[in-house]
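Undergrad: Give the three-dimensional model of this entry:
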Amino acid sequence: MKKLTKLITLSVIALAMTAETSYGCFGWRNKKRKQSDEQEVSAPKRPATSGEFFRQLTPAARISYLKHAIDQNNVETVSICFSADRGLMDQIIIVDGYEMKPLAYACFCGSVDIVKMLLAKGFDPNKNLCNGGITALMLAIFMNRSAVTRLLLAHRANVNARCALNGATALIGAICFAPDEVDALLRAGATSKINEQTDNGVTALICACSTADKRYEDKDRPEIISSLIENGASLELFKQDSFASPLICAVSNVLPRSVNVLLAAGANVNYKDKNGMTALMHAAQAAHPAIVRSLLNAYRKAAVVANEASDCRLQAVRDDLLPLLVPTVEEVNVKDKSGKSALWYAQQARGAAAPHSPERANTEEIIGLLTEAGAE
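TA: Residues are numbered from 1 along each chain as shown. Reported below is the predicted structural model:
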């Protein structure tokens, strides 16, 4: 059976808020509870062909039997268990030290037939079924159980419930672990709380701009960014501890297509994080020429609007002509709180890159782009 390693280690892999640092979004603590002696008993080898046989089992064996039957998605055996002992419906099943009720455990295992049966019996998917206020929907999302997720949504599972540990929602969980379910959650009502912040000040959009999902060859998933923005996600909310905006997060995590989506939606290129660093500085530090070029073009477009005060003039400037325009020297040469500019960060990256390496070539290209734009 799949263990709860993914849940326990959320604090390490859930949200990469900068290129170097990750922050947890659901706050599961690696705090093992001593497992109940009752649940250490192995399930009987003989199949439970009748309620009479099941009632002959000890309480410990009954729980083990039920746990095994749910794990195997065995509807017949689970039905016999509940018919013989109705108290099992509210019994706690312990998994790696974490407490789950039967519906929560079935969602965790992806036992869709068991989930369907329990929901038909009137089990409430919105009850507190697991430690820390984790709902059945959150568990299905964490484990990327698509069929279970859709079933829970069809039974009106609350998409906006907040994790009691730090206020994260199923939408943020989907962005981290089940990105293909994001649109389903938005259609089910997650749009009403799309700008809800966790206790750490993380929004769904910041999470999407910060999460590098290693299960996908291409970690840059601009379609999620687009979907969130179209459904009302704010470009202006930032993470409280770092003041990192969605654009800065996307730049720091080297997501060039997501950066372009954010810029097209009107993200503020002049926004600074708590250290006074702009997106351009982060791009120079990350040594990514395409992102630097996109940001410089955003400065150029903004300059056209500022100088001409004409949207018509802006629309008339084709993207291929933008490099012919020069952003204001002040924007390119702006300094952070320590007095460092984007050019300084690019030069530092060049010094750290090995000679004749792709990284060295990237930094040389960035220095050239910045110099042409007026960097000093």
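Undergrad: Report the spatially nearest residue to R360, omitting neighbours in sequence.
TA: A353 (4.0 Å; Cβ to Cβ, 6 or more residues apart in numbering). In short, each C-beta sits where N, CA and C put it, glycine included.
Undergrad: Low-confidence stretches in the stretch 201-350 of the chain?
TA: 212-218, 240-241, 303-329 (pLDDT under 70).
Undergrad: close enough to count as contact, the residue nearest to R360 and I366?
TA: No. Counting by Cβ atoms under 8 Å, I366 is not a contact partner of A353; they are 11.0 Å apart.
Undergrad: If you count surrounding residues, which of those two has more?
TA: Shown here are A353 and I366; by other Cβ atoms under 10 Å, I366 has more neighbours (30 against 17).
Undergrad: My reading is that that one lies in a helix. Confirm?
TA: Yes. Counting by DSSP: H, G, I helix; E, B strand; the rest coil, I366 is located in a helix.
Undergrad: From V251, how far out is S338?
TA: Using Cβ to Cβ, to the nearest Å, one gets 19 Å for the distance from S338 to V251.
Undergrad: Between these two, which has more neighbouring residues?
TA: More crowded of S338 and V251, by other Cβ under 10 Å: V251, with 35 against 9.
Undergrad: Angles on the backbone of that one, please.
TA: phi -70, psi -50 (degrees, to the nearest 10).
Undergrad: Tell me which residues touch it, please.
TA: By Cβ atoms under 8 Å, 6 or more residues apart in numbering, the contact list for V251 reads 259, 279, 282-283, 286, 288, 291, 295.
Undergrad: Name all residues that make contact with the residue sitting furthest away from the middle of the chain.
TA: What lies farthest from the middle of the chain is E52; by Cα atoms, centre = their mean that is 47.4 Å. Applying Cβ under 8 Å, 6+ apart to E52 gives the contacts A84.
Undergrad: Buried residues, the helix or strand where it lies. List them.
TA: Applying DSSP states H and E as the criterion places E52 in helix 51-55. In terms of neighbour count (16 or more other Cβ atoms under 10 Å), helix 51-55 has its buried residues at F54.
Undergrad: average pLDDT across it?
TA: The average pLDDT within helix 51-55 is 76.
Undergrad: and if you look at stretch 71-81?
TA: The average pLDDT for stretch 71-81 rounds to 90.
Undergrad: same question, stretch 96-113
TA: Taken as a whole, stretch 96-113 has an average pLDDT of 90.
Undergrad: got the buried residues for that stretch?
TA: 98-112.
Undergrad: then stretch 353-362 to CSV, C-alphas only?
TA: The C-alpha trace of stretch 353-362 is given here as CSV (Å, rounded to 0.1, in the frame of the first residue of the first chain):
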residue,chain,number,x,y,z
ALA,A,353,29.5,29.8,-14.9
ALA,A,354,32.1,27.4,-16.3
PRO,A,355,34.0,28.7,-19.3
HIS,A,356,32.5,27.6,-22.7
SER,A,357,29.4,26.2,-20.9
PRO,A,358,25.8,26.9,-22.0
GLU,A,359,25.3,28.8,-18.8
ARG,A,360,28.2,31.1,-19.6
ALA,A,361,26.8,31.7,-23.1
ASN,A,362,23.4,32.6,-21.5
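Undergrad: Contacts for it next, please.
TA: Residues from elsewhere that reach stretch 353-362 (Cβ under 8 Å, 6+ apart): 287-289, 349-350, 363.
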